[in-house]
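1. Dropping a prediction and its sequence here:
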Amino acid sequence: MKIIDGKAVSLKVKDELKEQTKRLAQEQGFVPCLAVIIVGEDPASQVYVSNKKKACEYIGYKSLGFELPESTTQQELLELIEKLNNDDTVDGILCQLPLPKHIDEETILNAIDYDKDVDAFHPTNVGKIMIGNYHMLPCTPAGVMELIDSTGVSLEGKNAVVIGRSNIVGKPMSMLLLHRNATVTICHSRTANLKEICANADILVAAVGKAGFVTEDMVKEGAIVIDVGINRNAQGKLCGDVDFERVKEKAGAITPVPGGCGPMTIAMLMKNTYNAAVHRRNVIDK
Ligand code: NDP
């Protein structure tokens, strides 16, 4: 059994981007610029935003931070987005979710120029992902693909099972696996025979949001198990959806929580920022 080290894989992605950014600065005279907006004072969101800024610094991107008060109106936020959409020096715009209740998330996400939409949440980018012709990666699922690829296992013809069908994780995850010629089954809360379906998976991706949901009997011997979930267990400790201690004895490869999918999501966001910059500025990527 192999424990997939998300920190190491994400560092590799970030180091490659660092090199590419250095070259961009030398040869093209610019570095990618990411604008990060946060509204209100949700502590988890503040940690995420701070980690995103740190990743920008590490790679060598320019980052712009907009910390807006909870009382910000939807109109004010839309005006800021419009300003950033029209600012030619800004390559990526990210609005940290969740937003305060009086702001409609869909309206905000749809207002971001889809060429700067580094979260790939805009309907145009979602559609492109579906078609398979895209440069904005769905961050968490794309991170999962990097983790699977790090095992060296080919996906072609394999049974891949995704538990969860959210727009952020489950659905785009299934698309990426499909594009790589896996045979994909999507499970959700109404799925019958969930255990049997999972036990037939060569690749099992859990994105449920329930601690200990995936038990040993749901896992095929030698399967690759990717745990996207972020939960707190009864002791308040961070954990995923998979009963890691037991499942690791059966899996061929498995991601831990923390240290698995979490670091990958930010690395993929950084990749999108780079892609957005070279795409928008018509730089031929070498
Ligand atoms: P959602 O709550 O939006 O989706 C959860 C999915 O799990 C739903 O599709 C739901 O089914 C399904 N589900 C719930 N209960 C069951 C059940 N008993 N049997 C089968 N399926 C079930 O969550 P997200 O997709 O946004 O996130 C999933 C997890 O991943 C969370 O823990 C989240 O914190 C984490 N996450 C981690 C990220 C990272 O960077 N590592 C990034 C994003 C999320 P139904 O549709 O029928 O309700």
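-> Now that the structure is in, tell me what you want to look at.

2. make it CA atoms for all contacts and neighbour counts henceforth
-> Will do.

3. neighbours around L177, how many?
-> By other CA atoms under 10 Å, 24 other residues sit near L177.

4. any idea of the pLDDT on it?
-> L177 carries a pLDDT value of 98.

5. Test my guess that D217 contacts I197.
-> No: assessed by CA atoms under 8 Å, D217 is found out of contact with I197, at 11.2 Å.

6. contacting residues for the nearest residue to A267 once chain neighbours are set aside?
-> Nearest residue to A267, sequence neighbours excluded (CA to CA, 6 or more residues apart in numbering): S10, at 5.6 Å. Listed by CA atoms under 8 Å, 6 or more residues apart in numbering, the contact set of S10 reads 263-264, 267.

7. in a helix, that's where S10 is, yeah?
-> Yes: under DSSP: H, G, I helix; E, B strand; the rest coil, S10 sits within a helix.

8. picking that back up, between D217 and I197, which one's more packed in?
-> Between D217 and I197, counting by other CA under 10 Å, I197 is the more crowded of the two (19 against 14).

9. Helix or strand: which one has the more buried one?
-> In the assignment (DSSP states H and E), I197 maps to helix 194-199.

10. Figure out how far that helix is from the centre of its chain.
-> Here helix 194-199 is found 25 Å from its chain centre; the criterion is CA atoms, centre = their mean, to the nearest Å.

11. Can you point out the buried residues in the next helix-or-strand element following that helix?
-> Per DSSP H and E, the first helix or strand lying C-terminal to helix 194-199 is strand 203-206. Buried residues in strand 203-206, counted by 16 or more other CA atoms under 10 Å: 203-206.

12. what's the closest of these to K248?
-> L204 (12.8 Å; CA to CA).

13. Just confirm yes or no for stretch 189-206 near the ligand.
-> Yes: residues of stretch 189-206 are located near the ligand by CA under 6 Å from any ligand atom, namely 189-190.

14. Return the residues in contact with D115.
-> 92, 276, 280.

15. Would you check that the second one makes contact with N125?
-> No: with contact defined as CA under 8 Å, A276 does not reach N125; the gap is 12.0 Å.

16. For the stretch 51-200 of the chain, which segments count as helices?
-> For the stretch 51-200 of the chain, applying DSSP state H, counting those that start in this stretch gives helices covering 74-86, 105-111, 123-131, 139-149, 170-179, 194-199.

17. if we can go back for a sec, mind listing the shared neighbours of A276 and N125?
-> Common neighbours of A276 and N125 (CA under 8 Å, 6+ apart) are M136.

18. So which of those two has more stuff around it?
-> Using other CA under 10 Å, the more surrounded residue of A276 and N125 is A276, with 26 against 22.
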